[in-house]
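1. need coordinates for the below:
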Amino acid sequence: MGAYLTRGQPAALGLVRRAVETERPPHALLLVGPSGVGKTTLAFDLAAGLLCLAADAADRPCRECAACRKVAHGNHPDLHLLAPEGAGQQIRVGQVQALASELALLPLEGRFRVAIVENAQRLNIDAQNALLKTLEEPPPRVVLILAADDSAGMLPTVVSRCARARLSPVAAAPIAELLAENGLADAARAASLARLAGGRPGVAMALATQPEASLVQARLAAALLDLLGADRRRRLTAPAELLGDAAELLRATTGRADDDEAPRRPAGGGTTKVSPAERRAAAAQLLNVWRDVARDLAVATRGGARELRQHELLDELAAAGAAVDPVAAARFLDRLEAVSRALDAYANPELAVDALLLAWPSTRRAA
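-> Now for the predicted structure:
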């Protein structure tokens with residue numbers, strides 16, 4: 001049986017396994033699910049399985065042959081990677097056109113040419129239209145894998161031409177096992193990180209390998225809870241600090257935002273000059289943490305202490321849950337998802353954070 005790295009996604013992994021064993025993959029596969037849930041891992045599982053040199057298809061990917069090692073290092077000549085770049089972190093038409101030219105060629109070493117498009121929700125409209133030609137008339141022996149956090153902003157004509165698999169948050173137990181097997185945490189810490197990651201193995205791995213990331217995430221979560229009792233004026237002075245912490249968390253977990261333009265918090269407050277791409281990345285990271293805090297807050301308002309993920313803030317969440325209207329907490333989650341989609345559609349990051357701060361529920365005392 002092939003050595004797949006994806007955890008906790010039986011339906012999606014079953015689709016990939018069948019494609020590898022039959023050697024009849026879909027010409028295009030759209031993987032949709034929250035950031036960090038395992039879309040890229042599954043995409044590389046499929047790529048490794050299709051390019052593996054093992055004689056028996058049931059043994060692919062073997063993880064030992066030269067092809068599997070090249071896929072793991074991202075330097076296989078028949079594996080093509082596409083990701084957002086530049087201001088606004090978009091995938092542009094020129095990138096797609098260059099990819100289409102490469103995919104038109106016959107495979108060099110493997111049985112297929114495989115392209116993985118990360119953050120496919122950031123394909124701009126022109127790029128999606130350019131991609132349509134490849135989707136409508138796919139070259140032989142080509143497999144295109146699109147990994148998207150959300151397909152709502154993608155053209156229906158693009159989505160309809162792809163086989164689709166949705167990846168859901170993973171249960172805590174498989175994530176804890178993954179951390180323990182890789183020697184990243186003992187059993188107790190692995191269980192804690194698995195809960196904190198909110199069903200996203202990639203987030204759990206990042207938190208385990210970068211201990212300071214857990215501290216920054218906890219600080220950011222505590223700051224958001226403190227703002228429940230803040231008035232409008234205090235809330236509108238908070239974005240610089242929140243985005244600074246979010247950028248620090250981004251650096252710790254992904255290695256991004258580590259250049260001179262990265263948003264940082266100077267000693268006197270505020271942020272240094274940042275590029276549009278870094279501002280947007282920091283805002284997206286802030287919203288990811290906010291989503292987990294807001295989810296826990298909504299649970300706490302209804303007395304569900306056992307289901308809370310932020311165990312380090314158990315007392316604070318319990319107190320906030322007793323002082324916040326459950327309807328307001330639930331309504332905020334909908335608002336957060338709407339603003340998140342707007343941010344993906346290139347809304348101004350600072351205005352998006354301001355809008356959420358004003359919509360963030362207030363404790364009854366603050367109200």
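2. for the protein, what spans make up the strands?
-> Ranges of strands in the chain, per DSSP state E, are 28-32, 79-82, 113-117, 142-148, 163-166.
3. where does the protein dip in pLDDT?
-> Scanning the chain for pLDDT under 70 picks out the ranges 1, 87-88, 254-276, 305-306, 364-367.
4. who does the lengthiest helix in it touch, helix- and strand-wise?
-> Criterion DSSP state H: the longest helix present in the chain is helix 276-301. If contacts are counted by 3 or more Cβ pairs under 8 Å, 6 or more residues apart in numbering; DSSP states H and E, helix 276-301 sits against helix 211-226, helix 239-254, helix 314-323, helix 326-344, helix 349-359. Where you see a C-beta, it was placed from the backbone N, CA and C, and this is true even at glycine.
5. let me know how buried the residue lying closest to Ala172 once chain neighbours are set aside is, in neighbour terms.
-> Closest residue to Ala172 apart from its sequence neighbours, by Cβ to Cβ, 6 or more residues apart in numbering: Ala194 at 4.0 Å. For Ala194, the neighbour count with other Cβ atoms under 10 Å is 29.
6. you'd agree Ala194 is up against Leu179?
-> Yes. Between Ala194 and Leu179 there is a contact under Cβ atoms under 8 Å: 7.0 Å.
7. related to what we said a few turns ago, most packed of the helices and strands packed on helix 276-301?
-> Of all these, helix 239-254 carries the top mean neighbour count, a mean of 22, counting by mean count of other Cβ atoms under 10 Å.
8. what's that helix packed up against?
-> Partner elements for helix 239-254 (3+ Cβ pairs under 8 Å, 6+ apart): helix 201-209, helix 211-226, helix 276-301, helix 349-359.
9. all helices for the stretch 1-150 of the chain, in order.
-> 10-22, 39-51, 66-73, 93-103, 125-136 (DSSP state H, counting those that start in this stretch).
10. so can I have CSV of those showing mean neighbour count?
-> Listed next are the helices of the stretch 1-150 of the chain as CSV, based on neighbours: other Cβ atoms under 10 Å:
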stretch, mean neighbour count
helix 10-22, 17
helix 39-51, 26
helix 66-73, 17
helix 93-103, 16
helix 125-136, 17
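11. include distance to Leu286 when you put these into CSV, please.
-> Shown next, in CSV, are the helices of the stretch 1-150 of the chain (distance: least, Cβ to Cβ, whole Å):
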stretch, distance to Leu286
helix 10-22, 28
helix 39-51, 21
helix 66-73, 32
helix 93-103, 27
helix 125-136, 26
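12. out of those, which is closest to Leu297?
-> Nearest of the helices of the stretch 1-150 of the chain to Leu297, taken as Cβ to Cβ: helix 39-51 at 27.1 Å.
13. and the closest one, what does it pack onto?
-> Using 3+ Cβ pairs under 8 Å, 6+ apart: helix 39-51 touches helix 10-22, strand 28-32, helix 66-73, strand 113-117, strand 142-148, helix 201-209.
14. got TSV for those, with distance to Asn124 too?
-> Output for the helices and strands packed on helix 39-51, formatted as TSV (distance: least, Cβ to Cβ, whole Å):
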stretch	distance to Asn124
helix 10-22	27
strand 28-32	17
helix 66-73	28
strand 113-117	13
strand 142-148	14
helix 201-209	25
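15. burial measure for the nearest residue to Leu178 once chain neighbours are set aside, as a count.
-> Closest residue to Leu178 apart from its sequence neighbours, by Cβ to Cβ, 6+ apart: Arg7 at 5.4 Å. By other Cβ under 10 Å, 19 other residues sit near Arg7.
16. do Leu81 as well
-> Leu81: 15 neighbours (other Cβ under 10 Å).
17. what about the residue nearest to Thr363 when sequence neighbours are not counted, distance to Ala48?
-> Excluding the flanking residues, the one nearest Thr363 by Cβ to Cβ, 6+ apart is Ala323, at 3.9 Å. From Ala323 across to Ala48, the span is 51 Å (Cβ to Cβ, to the nearest Å).
18. and the nearest residue in space to Leu242 that is not next to it in sequence, how many neighbours?
-> Excluding its sequence neighbours, the residue lying closest to Leu242 (Cβ to Cβ, 6+ apart) is Leu286, at 5.7 Å. Neighbours of Leu286 under the rule other Cβ under 10 Å: 26.
19. ditto for Ala347
-> What Ala347 shows, counting by other Cβ under 10 Å, is a neighbour count of 16.
20. next up, the contacts around the residue nearest the centre of the chain.
-> Centrality entry for the chain: nearest residue to the mean C-alpha point is Ser35, 1.6 Å, by Cα atoms, centre = their mean. Applying Cβ atoms under 8 Å, 6 or more residues apart in numbering, we find Ser35 in contact with Asp149, Arg200, Gly202, Val203, Asn288.
21. can you count the residues close to Leu155?
-> Leu155 has 15 nearby residues by other Cβ under 10 Å.
22. just checking, it touches Gln128?
-> Yes. The criterion here is Cβ under 8 Å, and Leu155 meets it with Gln128 at 4.8 Å.
23. break this structure down into its domains, please.
-> With domains defined by automatic domain parsing, the chain comprises 10-166, 210-359.
24. the closest residue to Arg234 other than its chain neighbours and Val114: what is the separation?
-> Once flanking residues are discounted, Arg234 sits nearest to Leu227: 7.3 Å by Cβ to Cβ, 6+ apart. The gap separating Leu227 from Val114 is 45 Å, by Cβ to Cβ.
25. who has more neighbours out of these two?
-> Neighbours were counted for Leu227 and for Val114 using other Cβ under 10 Å; Val114 has more, 28 against 18.
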